[in-house]
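**Student:** kindly generate the corresponding structure for this input.
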Amino acid sequence: MDETKMNYEDNSIEFYKPPQIKHKRKNTRILILAVVLIVGTVICAAYATGFIPITNFLGVKKPVGESVELNVDNYLKEYPKLKEIPNLDKIKKAAYATNEPVDTVISDYTNKLEKEGYGLKYEGSGDFDGKSFQYYGFLKGLTAVVIVVKSDANKEFGYDNAILYTTGNALDFKAILDWYENQG
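**Tutor:** Numbers count the residues shown, from 1 in each chain. Next comes the predicted model:
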């Protein structure tokens, strides 16, 4: 084919340019697909390893030794001030009564949770509505586990200790912590 093309209107010469193949659109699709695959893989891996909490799939762990599950809803009815706590409906929770020593229960929970990749981030004691308790907070990514232990629970539950095991999104626990700090 002739390299030049005559433009008859103004008698000028134009060089022939072969049509360009559009690779740009194809490359963009491949790039978008690669990004989606990488992000999807990272999110799936983070979820599978427990760093991203989906409350419906988080499990509550029973304490070591013989324990009896308590009805959390009855306890919430008995102490109406507990209903003021924000985000209680967003976290998974279960309460247990046991005669195992608190140190044994917490040591067992700590060992199990650390094997799963959680780290103990805070611990302490507090007082709520005239009742004292100890708390332990574990964190793994955005997933949190908070264990609340009330010793000398014999009068209320017929067992030495009551344990509340909660798990869920760390941001939901942040709202609970902020609420508790404002109560003092």
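**Student:** which helix is the longest one in this structure?
**Tutor:** Determined from DSSP state H, the single longest helix within the chain is helix 24-48.
**Student:** state the mean pLDDT of it.
**Tutor:** Across helix 24-48, pLDDT averages out at 81.
**Student:** so how far is it from its chain's centroid?
**Tutor:** Distance, stretch centre to chain centre, for helix 24-48: 23 Å (Cα atoms, centre = their mean, to the nearest Å).
**Student:** and for stretch 97-111?
**Tutor:** Here stretch 97-111 is found 23 Å from its chain centre; the criterion is Cα atoms, centre = their mean.
**Student:** cool, stretch 132-142 as well?
**Tutor:** Stretch 132-142 has its C-alpha centroid displaced from the chain centroid by 13 Å (Cα atoms, centre = their mean).
**Student:** same thing with stretch 129-148?
**Tutor:** Relative to its chain's centre, stretch 129-148 lies at 14 Å (Cα atoms, centre = their mean).
**Student:** what's the end-to-end length of it?
**Tutor:** Start-to-end span of stretch 129-148 (Cα to Cα, to the nearest Å) is 15 Å.
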